[in-house]
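A.B. asks: what's the 3D shape of this:
(one chain, ligands or ions: 2)
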Amino acid sequence: MVHIQFLGSGDAFGSGGRFQACILLRTELGQVLLDCGATSLVAMKQAGVDPLAIDAVIVSHLHGDHFGGIPFLVLDQQFARRSRPLLVAGPPGLAERLPRTMEALYPGSSTVERRYALRVIELDEGAATAVGPVMVTAFPVVHASGAPAYALRVTAGAATIAYSGDTEWTSSLVECAADSDVFICEGYVDERAVKFHLSAAALRANLARITAARLVLTHMSPEMLARPGAVPGAITAYDGMTLDLS
Ligand SMILES: [Zn+2]
Ligand SMILES: [Zn+2]
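C.D. replies: Numbering: from 1, shown residues only. Ligands and ions are numbered 1, 2, ... in the order given. Model prediction:
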């Protein structure tokens, strides 16, 4: 049983007043965040989610609206007297970019002695890696972010959750989402082609290849928020939306 809660279903720019990318997975063995944008600590506290209960944060790529919330979470947990480890997993480069980002925002915060261990895991493409309570497989996607960008396939018990992160259409999404229980996918624009981002037109054209049981769109621009039926059969996520997988 996995309980999914969309804490942030927005794009980088707060379109529609939504928080940046952050999806909570509550599993029988623990809790994981998929992406942690700059606004995610606020989103968690607004939703009544206790950051102490988070075992791991898994990020798709190193853009601020997907990993920029980690420095705030790390600092918050220090003041909350966390004692158990916090795992942070993501693309190669994370172990270097995270402390650099922490230092830019709060000098000294990356080197200060903490009562809990902050463990960084860099994910290799194609290999299933244990990250706290889940297994994660990373698939390369097409999105420039100064480091590899990934779509993520997460398994928890019998449930499989696929997540596109940000990307233009690429066939690795088909593989990532194959026979999953839910494919959470960027739905950024409708007809327009925006480099490194997904359009509803591209999803419509490839819908028959996506074999996920459910398709959920997230990371919408204002144009997509105005067209909720742009991809037939897809659910449009909103902040606070929940989904239970058995
Ligand atoms: Zn983004
Ligand atoms: Zn991005």
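A.B. asks: A127 - nearest residue in space that isn't next to it in sequence?
C.D. replies: Beyond its immediate neighbours in the sequence, the residue positioned closest to A127 (CB to CB, 6 or more residues apart in numbering) is T137, lying 7.0 Å away. Heads up, the C-betas are built off the backbone N, CA and C, glycines and all.
A.B. asks: pretty sure the one you found sits against A128.
C.D. replies: Yes. Counting by CB atoms under 8 Å, a contact exists between T137 and A128, whose distance comes to 4.8 Å.
A.B. asks: neighbour-wise, which of those two wins?
C.D. replies: Between T137 and A128, counted using other CB atoms under 10 Å, T137 has the larger neighbour count: 21 against 14.
A.B. asks: who are the contact partners of that one?
C.D. replies: In this structure, T137 makes contact with G126, A127, A128, T129, L152, R153, C176, judged by CB atoms under 8 Å, 6 or more residues apart in numbering.
A.B. asks: a helix runs through the residue nearest to A127, doesn't it?
C.D. replies: No. With the criterion set as DSSP: H, G, I helix; E, B strand; the rest coil, the secondary structure at T137 is strand rather than a helix.
A.B. asks: neighbours of D190, how many?
C.D. replies: By other CB under 10 Å, 17 other residues sit near D190.
A.B. asks: and for P99?
C.D. replies: Around P99 there are 17 other residues, counting by other CB under 10 Å.
A.B. asks: which non-adjacent residue is nearest it?
C.D. replies: Distances taken as CB to CB, 6+ apart put S110 closest to P99, at 3.7 Å, once the chain neighbours are dropped.
A.B. asks: what parts of the chain come near ligand 1?
C.D. replies: Those residues of the chain that sit near ligand 1, judged by CB under 5 Å from the ion, are A12, D65, D166.
A.B. asks: out of those residues, which touch ligand 2?
C.D. replies: Among these, the ones lying near ligand 2 by CB under 5 Å from the ion are D166.
A.B. asks: what's the closest of the residues of the chain next to ligand 1 to R26?
C.D. replies: Within the set of these, D65 lies nearest R26; the separation is 22.7 Å, counting by CB to CB.
A.B. asks: quick check: mean pLDDT of the helix or strand hosting that closest one?
C.D. replies: Per DSSP states H and E, D65 falls inside helix 64-67. Mean pLDDT, computed over helix 64-67, is 98.
A.B. asks: quick one: buried residues of the following helix or strand past that helix?
C.D. replies: Taking DSSP H and E as the definition, the helix or strand that follows helix 64-67 towards the C-terminus is helix 70-79. Along helix 70-79, these residues count as buried under the neighbour rule (16 or more other CB atoms under 10 Å): I70, P71, F72, L73, V74, L75, D76, Q77, Q78.
A.B. asks: what do you get for stretch 17-29?
C.D. replies: Neighbour counts over stretch 17-29 (16+ other CB under 10 Å) mark R18, F19, Q20, A21, C22, I23, L24, L25, R26, T27 as buried.
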